[in-house]
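Chemist: let's see this in three dimensions:
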Amino acid sequence: MYVKASTRKTRDGQTIRYLQLAHNEWDPIAKASKTRVLYSFGREDQLDVAGVRRLVDALSRLLDPADALAAAAPTGLSFLESRPLGGAWLLDGLWRQLGIDKIARGMVNTARREVDVERVLFALVANRALKPSSKLAASEWVCHDVHLPGLPNVTDDACYRAMDDLIGVEPALTRAIYDSIADLLNLEVDLLFFDTTSTYFELDEADDLAWRDDKGRVVDEGDPAAVKQAGFRTHGKSK
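Modeler: Just a heads-up that it's a prediction; the model follows:
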């Protein structure tokens with residue numbers, strides 16, 4: 001399938017090009033290839049570019065994303081893979097701007113390691129921010145689902161070893177990072193964020209019941225979105 005161009009001269013001598021979507025079919029009777037026009041785009045100088053974009057977009061949806069990109073690639077180039085970059089690139093820029101890379105690299109031991117421990121620690125932080133998962137899933141995320149500057153791939157063993165290194169230097173590392181950014185960001189250390197992955201809370205009495213929607217948000221009793229009554233902290237399994 002290809003775009004066929006034909007020309008025609010007007011009475012005033014102007015040359016007009018017409019575009020058609022066509023493909024060649026074999027004619028068994030004539031024993032020759034013949035052109036079959038599938039769609040006519042009309043005059044090239046009056047081409048509906050927006051319509052062409054919609055057509056290409058509609059056809060691309062029928063293909064695997066990799067095949068769609070490969071189809072649009074210039075001749076001589078082959079499509080290998082595609083990974084998102086934006087979120088990781090932004091986080092890496094902040095990581096470096098705050099000097100965390102230099103602080104971490106100066107404390108964790110990267111000798112005799114197959115990868116840079118500082119980069120692995122950044123990968124785990126980026127994974128927690130962009131797609132929280134286990135160490136095993138994080139290594140697969142790095143290798144297949146995202147592009148991280150300076151870390152094309154990593155193993156789950158490298159992630160666990162990096163965490164061991166981090167635990168060994170955590171007090172000094174956190175203090176150094178705080179000293180580095182406290183004045184820069186004018187931080188107030190009266191608000192703390194902490195990971196509750198393995199944490200739960202206990203109290204003697206559950207909170208008062210309130211009507212909530214299917215996402216747990218408080219709504220009025222007569223609200224059509226109200227599906228159940230529950231307290232924010234209630235008896236049951238943790239989390």
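Chemist: distance of A126 relative to E118?
Modeler: For A126, the distance to E118 equals 13 Å [Cβ to Cβ, to the nearest Å]. C-beta coordinates here come from the backbone N, C-alpha and C atoms, glycine included.
Chemist: er, Y18 I mean
Modeler: Using Cβ to Cβ, Y18 is found at 60 Å from E118.
Chemist: also Y2?
Modeler: Y2 is 51 Å from E118, by Cβ to Cβ.
Chemist: more neighbours: which of the two?
Modeler: Between Y2 and E118, counted using other Cβ atoms under 10 Å, the more crowded position is E118 (23 against 10).
Chemist: and that one, helix, strand or coil?
Modeler: Of the three states, E118 takes helix under DSSP: H, G, I helix; E, B strand; the rest coil.
Chemist: wait, doesn't it sit right on M107?
Modeler: No: between E118 and M107 there is no contact under Cβ atoms under 8 Å: 9.1 Å.
Chemist: helix or strand next in line after the one helix or strand G42 maps to, which one?
Modeler: Under the criterion of DSSP states H and E, G42 resides in strand 32-43. Using DSSP H and E, the helix or strand that follows strand 32-43 towards the C-terminus is helix 49-60.
Chemist: only alpha carbons, please: show that following helix as PDB.
Modeler: What follows is helix 49-60, C-alpha atoms only, in PDB (Å, rounded to 0.1, in the frame of the first residue of the first chain):
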ATOM      1  CA  VAL A  49      -3.900  17.300   6.800                       C
ATOM      2  CA  ALA A  50      -6.000  16.900  10.000                       C
ATOM      3  CA  GLY A  51      -8.100  14.200   8.300                       C
ATOM      4  CA  VAL A  52      -4.900  12.400   7.300                       C
ATOM      5  CA  ARG A  53      -3.700  12.500  10.900                       C
ATOM      6  CA  ARG A  54      -7.000  11.100  12.100                       C
ATOM      7  CA  LEU A  55      -6.800   8.300   9.500                       C
ATOM      8  CA  VAL A  56      -3.200   7.400  10.500                       C
ATOM      9  CA  ASP A  57      -4.200   7.500  14.200                       C
ATOM     10  CA  ALA A  58      -7.100   5.200  13.500                       C
ATOM     11  CA  LEU A  59      -5.000   2.700  11.500                       C
ATOM     12  CA  SER A  60      -2.200   2.800  14.200                       C
END
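Chemist: strands of the protein, residue ranges please.
Modeler: Counting by DSSP state E, the chain has strands at residues 2-9, 15-27, 32-43, 210-212, 228-230.
Chemist: for the last one, name the packing helices and strands.
Modeler: Under the contact criterion of 3 or more Cβ pairs under 8 Å, 6 or more residues apart in numbering; DSSP states H and E, the helices and strands touching strand 228-230 comprise strand 210-212.
Chemist: name the residues that touch the strand it packs on?
Modeler: Outside strand 210-212, the residues that touch it by Cβ atoms under 8 Å, 6 or more residues apart in numbering are V218, V219, D220, E221, D223, A226, V227, K228, Q229, A230, G231, F232.
Chemist: filter the residues you listed down to the buried ones and hand me the ChimeraX line.
Modeler: Of the contacts of strand 210-212, the buried ones can be selected in ChimeraX as follows, counting by 16 or more other Cβ atoms under 10 Å:
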select :226,230
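Chemist: ok, the contacts of strand 210-212 vs R36, which is closest?
Modeler: Of all the contacts of strand 210-212, R36 sits closest to V227, with 57.4 Å by Cβ to Cβ.
Chemist: give me the most central residue, the chain.
Modeler: When Cα atoms, centre = their mean is applied to the chain, the residue found nearest the centroid is P84 (4.4 Å).
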